[in-house]
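Visitor: please find the sequence and the predicted model below.
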Amino acid sequence: MNNKFSIRLKEALIANGISQSALAKELQMTQQGVNNWVLGKSQPDYDTLMKIAYIVDESIDYLLGYDRSEFEKEFSMTDELKKRKANYKAEIEQMDNAISPIIKEVNFNKTTPEETLNLISRTFDILPEFVGKLVEIQTGKEISETEKEQAKQYIEEMQKKLSPDKKPNDNEK
């Protein structure tokens, strides 16, 4: 069992003036269950761990003994995973930089519906490329031209649905 958890739980209970029996009562369980945690014989499930963290005002990371600097010494990501992670963050930032100015222009109190639709349309114009990039990053493989075309067609359909000059067909009347 993770001895760090039992040590940190004991410390947190003492620091907060909480007895094992008081914690057990708060969690609606037996004192023996809490005692098993303190002795390092068992650990709580995730939901209970969240409640304990709240009660003793500590993070789950702290209670479990997670220390990022120590962890990084023992474990390192592969270069491929580091690259994918960095690319993903860069793509998200690029998408945010492209879409944020458009969204900021929309002021629902002052922007007319036509102006709002125009801004949304500008957003739709850049979405297929970004969606494609995100899918590529998530899956690790490039999406096909067919898939890109399908995404573009779907977005065009959405634009038509939002278009102010859209004429209702017989089914919509």
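Guide: Looks like it came in fine. Since the structure is predicted, the reported quantities are computational estimates derived from the model, not experimental observations. Numbers count the residues shown, from 1 in each chain.
Visitor: okay, CA-based contacts and neighbour counts for the rest of this
Guide: Will do.
Visitor: quick one: average pLDDT of stretch 3-21?
Guide: The average pLDDT within stretch 3-21 is 94.
Visitor: ugh, wrong one, I meant stretch 83-98
Guide: Predicted confidence along stretch 83-98 averages 78 (mean pLDDT).
Visitor: domain parsing for this protein?
Guide: 3-70, 79-167 (automatic domain parsing).
Visitor: weakest of the ones you listed by average pLDDT?
Guide: Taking each of those in turn, the one with the lowest mean pLDDT is domain 79-167, at a mean of 71.
Visitor: burial of Gln20, as a residue count?
Guide: The local packing count at Gln20 equals 21, with neighbours defined by other CA atoms under 10 Å.
Visitor: pretty sure it sits against Gly33.
Guide: No: distance between Gln20 and Gly33: 9.4 Å, which falls outside the contact criterion (CA atoms under 8 Å).
Visitor: which stretches in this structure count as helices?
Guide: When secondary structure is read from DSSP state H, the chain shows helices at 3-15, 20-26, 31-38, 46-56, 60-64, 68-74, 79-105, 113-139, 145-162.
Visitor: now the fifth one: how far from the chain's centre is it?
Guide: Just to be clear, that refers to helix 60-64. A distance of 19 Å separates the centroid of the chain from that of helix 60-64, by CA atoms, centre = their mean, to the nearest Å.
Visitor: list the buried residues for it?
Guide: Judged by neighbour count (16 or more other CA atoms under 10 Å), helix 60-64 contains these buried residues: 60, 63-64.
Visitor: looking at the residues you listed, which is nearest Lys89?
Guide: The shortest distance between Lys89 and any of these, using CA to CA, involves Ile60 and amounts to 25.5 Å.
Visitor: from Ala15, how far out is the nearest residue to that closest one once chain neighbours are set aside?
Guide: The shortest distance from Ile60 to any non-neighbouring residue, by CA to CA, 6 or more residues apart in numbering, is to Ala53 (5.8 Å). Distance check for Ala53 against Ala15: by CA to CA, to the nearest Å, it reads 13 Å.
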